[in-house]
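# coordinates only, no sequence provided:
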């Protein structure tokens, strides 16, 4: 039985921030696992820091791989270069996340004949729900077009966030969509088609209808308290409530990040956001203690 495999793809500026998510992951898993850290060029001192984390979690096999050729492509598209480094099922996780529970059960998910699993984009769900209201349809359809691009507008809520993706690479490589999972094709076609949101736009354009929706709790995004909005359908509201009350992975998507001192204001955002921020801050301190690097200061300076 293969071990659960997790992948983080990041550029130099996100190196140490990514280690906080990795730490939270390894605190959450209940058994051995493999972790790939894929970057263009690790900053000075990063490899020893990774070694310290490996010492703290001996059941995890951590591989740091540098791929300088990735610098020729915008970093947001590097996930599509994963095919050159792996041949297994892996869970791609963004660096601005906090893992709250063991994600291993995701590897048993029935992908419904597909090779990709992802979580519906919660900020988009807000626009989608509002656009269903007759007196707001035109206004919010315009906002949806700005968010997604006219050609990407789905007929349903099936627009996915790229922050957490389950990728069955062997299955994908054996199917007709394999050429789309390409680090050179994705940015070129995204630019040609004018798709907003870069790698996420390509994910939803190239693989539309071929992504299995995963539970919202594995990519919980809740800076605005969407669950409290009266215009949401009841079933969607129930899903969101479960996701934010009991997140598996919390994603600090958008402009507000847990390392930003301004986000400590408890009068802003939602209780679930602040709970996740507290977990992230605790993990950041543990990474700082283990590696001898001040993670929060590095984060706010945005350098490694």
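Good, I have the coordinates. Everything numeric here is computed off the predicted structure, so don't read it as measured data.
# secondary structure element for residue 24?
Using DSSP states H and E, residue 24 sits within helix 15-28.
# can you give me how far the following helix or strand past that helix is from the chain middle?
With elements assigned by DSSP H and E, the helix or strand that comes after helix 15-28 is strand 33-39. Strand 33-39 sits 14 Å away from the centroid of its parent chain (C-alpha atoms, centre = their mean, to the nearest Å).
# same for strand 33-39, what does it pack against?
Helices and strands touching strand 33-39, by 3 or more C-beta pairs under 8 Å, 6 or more residues apart in numbering; DSSP states H and E, are strand 5-10, helix 15-28, strand 60-66. From N, CA and C alone the C-beta is placed, and that goes for glycine too.
# tell me where the stretch 101-250 of the chain has strands.
For the stretch 101-250 of the chain, the strands defined by DSSP state E, counting those that start in this stretch cover 116-120, 160-168, 211-213, 249-251.
# out of these, the one nearest residue 257 is which?
strand 249-251 (10.9 Å; C-beta to C-beta).
# and the closest one, what other elements does it pack with?
strand 97-99, strand 160-168, helix 271-291.
# switch to 7 Å and redo it
strand 97-99, strand 160-168 (3 or more C-beta pairs under 7 Å, 6 or more residues apart in numbering; DSSP states H and E).
# to residue 258, which of those lies closest?
strand 97-99 (7.3 Å).
# quick one: low-confidence residue ranges for this protein.
Residues of the chain that meet the criterion pLDDT under 70 lie in 135, 150-156, 223-231, 266, 301-304.
# would you reformat the strands of the stretch 101-250 of the chain as JSON lines and include mean neighbour count?
Output for these, formatted as JSON lines (neighbours: other C-beta atoms under 10 Å):
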{"stretch": "strand 116-120", "mean neighbour count": "24"}
{"stretch": "strand 160-168", "mean neighbour count": "24"}
{"stretch": "strand 211-213", "mean neighbour count": "18"}
{"stretch": "strand 249-251", "mean neighbour count": "26"}
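# including distance to residue 203, could those strands go into CSV?
Listed next are the strands of the stretch 101-250 of the chain as CSV, based on distance: least, C-beta to C-beta, whole Å:
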stretch, distance to residue 203
strand 116-120, 7
strand 160-168, 5
strand 211-213, 8
strand 249-251, 15
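# looking at the ones you listed, spot the one closest to residue 272.
strand 249-251 (7.5 Å).
# run the chain-centre distance for the closest one.
Counting by C-alpha atoms, centre = their mean, strand 249-251 is centred 8 Å from the centre of its parent chain.
# chain neighbours aside, what residue packs nearest to residue 98?
The shortest distance from residue 98 to any non-neighbouring residue, by C-beta to C-beta, 6 or more residues apart in numbering, is to residue 280 (4.4 Å).
# among the helices and strands packed on strand 33-39, which is the most enclosed?
helix 15-28 (a mean of 24; mean count of other C-beta atoms under 10 Å).
# tell me the helices and strands packed up against that one.
Using 3+ C-beta pairs under 7 Å, 6+ apart: helix 15-28 touches strand 5-10, helix 46-56, strand 97-99, helix 271-291, helix 295-301.
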